[in-house]
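Need a 3D model of the following:
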Amino acid sequence: MTEAPTRKPLPLADCGVLITGGTSGVGLATAIQFAQAGVTRIGINGRDAARGAKARAAVLAHAPEAQVEFLAGDCNDPAQAAEVCEAARARLGSVDALVNSTVGPYGPTLFHDIPLDEIPLMVTKQMMAPLLTSRVVVPWMRERGGGAIINIASDAGKVATPGESVLGAAMAGIIMFTRTLAIEGKRDGIRVNVITPSIIEGTITYGKVMNDAFSGKLFGKAIKMAQLGVVQPDDLAALIVFLAGPQAAKLTGQAISVNGGISAA
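Numbers count the residues shown, from 1 in each chain. Here you go, the predicted structure:
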């Protein structure tokens, strides 16, 4: 009888962590919680240098001795995604955990109201970063014998919701990509999971969604169903840190809904 291999994941304190979309919301909350958990090498990616400097300072306030690097670039673009990941590896020494927290600028819109030429952009800006950054870092993780990738999608990829036809398609793509990469990566000790929230209070996206007449009404109803409380960035950050660490060593290929009870997706 062939025995399953025994693997020993890196302690969080020994990991280099890269967070795309790390300058605000869930990404920033995750960077702070990684620092609080003892991670000393953290890269945060975003497109705005001023916001990046502010985010870096926020992380350092919780861990002054940590190495925190801001890496500018749009990870939905292949060349920029490669540059960001290469810079993270060069500055941090390794990328042992990758968190994809990028958020597109689009909110719920009924399909017949979406301009035709916006559909490809919606898919690209919601979906591409996890695929591109993972493609860059996976070979490095294979060389090192392991790693963790955590993507953030949405329950729109699981539950049919009016106004989220294209967004839901992109999110479902991230979910299936995650599951398949988990199966491909397990032989090399690479774990890949995805978190699928619904509405997240205290984020830029939350403000945009709730201020729009259509999506505000849509998610206003959803919030009433969140009997366990509306999800906050810190809620997701805590789960992400867990998934990246050795306590989740045997957990891979999972799409985990965090939505306060809105649905059992």
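
Next up, the contacts around residue 119.
Taking C-beta atoms under 8 Å, 6 or more residues apart in numbering as the contact definition, residue 119 lies against residue 166. Heads up, the C-betas are built off the backbone N, CA and C, glycines and all.

Same check on the one 5 residues further on?
Contacts were defined as C-beta under 8 Å, 6+ apart; by that measure residue 124 touches residue 76.

As a check, name the ranges of all helices in this protein.
Assigned by DSSP state H, the helices in the chain fall at 25-36, 49-62, 78-92, 119-144, 165-185, 204-211, 213-224, 233-244.

for the protein, what are the low-confidence residue spans?
Applying pLDDT under 70 to the chain flags residues 1-2, 206-207, 210.

Burial-wise, tell me which of the helices of the chain comes out on top.
Ranked by mean neighbour count, the helices of the chain are led by helix 25-36 with a mean of 25 (mean count of other C-beta atoms under 10 Å).

In PDB, list the C-alpha atoms belonging to it.
Provided in PDB are the C-alpha atoms of helix 25-36 (Å, rounded to 0.1, in the frame of the first residue of the first chain):
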ATOM      1  CA  GLY A  25     -10.500  47.100   2.200                       C
ATOM      2  CA  VAL A  26      -9.900  43.400   2.600                       C
ATOM      3  CA  GLY A  27      -6.400  43.500   1.200                       C
ATOM      4  CA  LEU A  28      -5.200  46.000   3.700                       C
ATOM      5  CA  ALA A  29      -6.900  44.300   6.600                       C
ATOM      6  CA  THR A  30      -5.200  41.100   5.500                       C
ATOM      7  CA  ALA A  31      -1.800  42.700   5.400                       C
ATOM      8  CA  ILE A  32      -2.300  44.100   8.900                       C
ATOM      9  CA  GLN A  33      -3.400  40.700  10.300                       C
ATOM     10  CA  PHE A  34      -0.500  38.900   8.600                       C
ATOM     11  CA  ALA A  35       1.800  41.400  10.400                       C
ATOM     12  CA  GLN A  36       0.000  40.800  13.700                       C
END
